[in-house]
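Q: Could you work out the structure for the sequence below:
(chains A and B)
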Amino acid sequence: MKFVYRLLLGTAALITLAGCGINNIPTYDESVTAAWSNVENQFQRRADLIPNLVETVKGYADHEESVLIDVIEARNKATQMNIPADLLSNPEAFAAFQANQGAITQSLSKLFALSESYPDLKANQNFLELQAQLEGTENRIAVARKDYIGAVQQYNTELRTIPGKWWHSLMYSEMEKRETFSSSAGSDANPAVKFN
Amino acid sequence: MSFALRLLFLCSIFVASQASAAPEIPPLTGRVVDLAGLLSPASEAELSSLLAAHESKSSNQVVVLTVPDLQGHDIAGFALETAREWALGQDGRDNGVLILIAKKEKKMRIEVGYGLEGDLPDAWAKRIIQSEMRPAFKQGDFDGGIMNGTQAVVGAIEGSYTPAEPKESGKETLFIPLGLVSIIGLSGLLKGKVPSQYLNGGIGGSFAGGMVGLATGTWYFGVLAALAFGLFLAFGRSGGGGAGGTGVPRSDRRSSFGSSGGGFSGGGGGFGGGGASGGW
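A: As a prediction, this is how the structure comes out:
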């Protein structure tokens, strides 16, 4: 009989602890990781689209070389960046990552602004498709960033509020605060999409 | 009052405070939600049956929403929030599409769920907006533009999915067999060995927990309620008389969650910002 009571009491204690959020920190950490991998995917998708875009534009606007070179260089700098394993809890590396991706966003919006003055380019089917895909990707990046910011906010808040703060110091002290995107000019807002 | 009981009380407060407010999204009243009044009743009916037929064929959930204005949001954000809140598409397939038209801002967007991004790429969505919807909208022909655009969307993704298996409401239904098994097991185990108020506590507690679990759809609410009510029945009342939940017929319990009444609702699909926007 004692065993049964102990079993019941143990179960009750476990469930009560779960209600108190003993599992919250690892759970939220997982959603941060998942949200981050989506951010990375979308950045990668954009990087993959750029060479094609540059090739297409080159044929129509080859004396705008400097803009095209800017795009390529920004892309290469971002894709060749040495990303440390602790990126998400490393403020310097995270800021550098964000700056590199922001540079791509800016160089691309310059490129699309320039394309306005080349009617032949704007009529090119291939260019239109790439433009639609890149617009879509920028929107996905914005969504993935927003989801990531939300996940980090939840996680960081849990670390700093009670009862999460207690669990953190008791059991999860090795888990660090995560970095999140700051809204810097140009890299945060959706690039202006022209509807005509 | 012992420390453990105080802790339990504290924790139940933490749990209750986890509920949060939802953003301001129009209610999903059907497959065509024409809040801006852009469609004639005939086209609305035709669109609804087209979309219903498409869903029964492919399990894709395509929904048309027109709004008078975007309440100060940009169209991409508004479409995403709405599509996520409505959870268009089936859970796991993410095969939903939201076609949103904002009258005042003169903007439209086709928001594509994760699972259909391959069948309806951004470039196609953009082409549908520019060649099917925009020309008609410019002439004030919303009926024709929405009809053509929706047909184009359905045509683009047609046949890309096999019919889905009937939806199962997995988590909620678990409570009933679980509750029954634990009641039977407990009464067998404890029969004649414990005072009746403990038994009543166990039965009543499991029962209350099951009901709360069903009502909230969250397992730990159920378990907490079971504990609280069980403790109350076992220790909180002198004499511990009858009044158990066992008198409630099973059919009554089922009706607490089974009465959706045949309305249209999202299947739990996810969205990640795919699709295209445009204006007229």
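
Q: contacting residues around the strand or helix carrying residue B:137?
A: Assigned by DSSP states H and E, residue B:137 belongs to helix B:134-138. With contacts defined as Cβ atoms under 8 Å, 6 or more residues apart in numbering or on different chains, helix B:134-138 is touched by B:101, B:106, B:108, B:142, B:144-145, B:148, B:278-280. All C-beta atoms are positioned from the backbone trio N, CA, C, and that covers glycine.

Q: run the last query once more with 7 Å
A: Contact with helix B:134-138 is made by B:144-145, B:148, B:278, B:280, as judged by Cβ atoms under 7 Å, 6 or more residues apart in numbering or on different chains.

Q: So for it, mean pLDDT?
A: Helix B:134-138 comes out with an average pLDDT of 93.

Q: Pull out the buried positions in it.
A: Judged by neighbour count (16 or more other Cβ atoms under 10 Å in any protein chain shown), helix B:134-138 contains these buried residues: B:134, B:136-137.

Q: Chain A next: which of the contacts of helix B:134-138 are close?
A: residue B:278 (Cβ under 7 Å from any Cβ of the partner chain).

Q: And the contacts of helix B:134-138, which is closest to residue A:163?
A: Residue A:163 lies nearest to residue B:278 out of those, by Cβ to Cβ, at 48.2 Å.

Q: Pull the distance from the one helix or strand in chain A whose mean pLDDT sits lowest to the chain's centre.
A: Taking mean pLDDT, DSSP states H and E as the measure, helix A:2-19 is the helix or strand of chain A with the lowest mean score, a mean of 74. Centroid displacement of helix A:2-19 relative to its chain, using Cα atoms, centre = their mean, to the nearest Å, is 41 Å.

Q: State the next helix or strand along the chain beyond it.
A: Sequence-wise, the next helix or strand downstream of helix A:2-19 (DSSP H and E) is helix A:24-60.

Q: Next, the buried residues of that next one.
A: A:24-25, A:28-29, A:31-32, A:35-36, A:38-39, A:42-43, A:46-47, A:49-50, A:53-54, A:56-57, A:60.

Q: Then stretch B:68-84?
A: B:70, B:73-84.

Q: Reformat these as TSV; add pLDDT and distance to chain A.
A: Formatted as TSV, those follow (pLDDT from 0 to 100; distance: Cβ to the nearest Cβ, whole Å):
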residue	pLDDT	distance to chain A
B:70	91	14
B:73	89	12
B:74	89	7
B:75	91	10
B:76	91	5
B:77	90	8
B:78	92	13
B:79	93	10
B:80	92	6
B:81	91	10
B:82	93	13
B:83	93	11
B:84	91	10
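
Q: Tell me the one among the residues you listed nearest to residue B:24.
A: Nearest to residue B:24 among the buried residues of stretch B:68-84, with distances taken as Cβ to Cβ, is residue B:81, at 9.0 Å.

Q: can you give me the strands for the stretch 1-150 of chain B?
A: B:32-34, B:61-67, B:96-102, B:107-113 (DSSP state E, counting those that start in this stretch).

Q: report the angle between the axes of the third one and strand B:107-113?
A: Spelled out, it's strand B:96-102. Angle of strand B:96-102 versus strand B:107-113, following axes from the mean of the first three to the mean of the last three Cα atoms, to 10 degrees, is 170 degrees.

Q: one step back: which one of the strands of the stretch 1-150 of chain B lies nearest to residue A:136?
A: Comparison of these against residue A:136 by Cβ to Cβ identifies strand B:107-113 as nearest, at 8.8 Å.

Q: Which per-residue confidence value corresponds to residue A:65?
A: 84.

Q: Distance-wise, check it relative to residue A:103.
A: 18 Å (Cβ to Cβ, to the nearest Å).

Q: do the same with residue B:85
A: 34 Å.

Q: quick revisit: who has more neighbours out of residue A:65 and residue A:103?
A: Using other Cβ atoms under 10 Å in any protein chain shown as the criterion, residue A:65 and residue A:103 rank with residue A:103 on top: 19 against 10.

Q: Please list all residues in contact with that one.
A: By Cβ under 7 Å, 6+ apart, the contact set of residue A:103 is A:74, A:77.

Q: buried ones in the host helix or strand of it?
A: Remark: residue A:103 resides in helix A:91-115, with elements defined by DSSP H and E. Within helix A:91-115, the residues scored as buried using 16+ other Cβ under 10 Å are A:93-94, A:96-98, A:100-112, A:115.

Q: Tell me the gap between that helix and the middle of its chain.
A: That offset, for helix A:91-115, works out to 13 Å (Cα atoms, centre = their mean).

Q: could you give me the average pLDDT of it?
A: Mean predicted lDDT for helix A:91-115 stands at 90.

Q: Show me the contact partners of the helix or strand just after that helix.
A: Going down the chain from helix A:91-115, the next helix or strand is helix A:119-123, by DSSP H and E. Here helix A:119-123 makes contact (Cβ under 7 Å, 6+ apart) with A:57, A:60-61, A:115, A:127.

Q: would you turn these into CSV with distance to chain B?
A: What follows is these, written out as CSV (distance: Cβ to the nearest Cβ, whole Å):
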residue, distance to chain B
A:57, 17
A:60, 19
A:61, 21
A:115, 15
A:127, 11
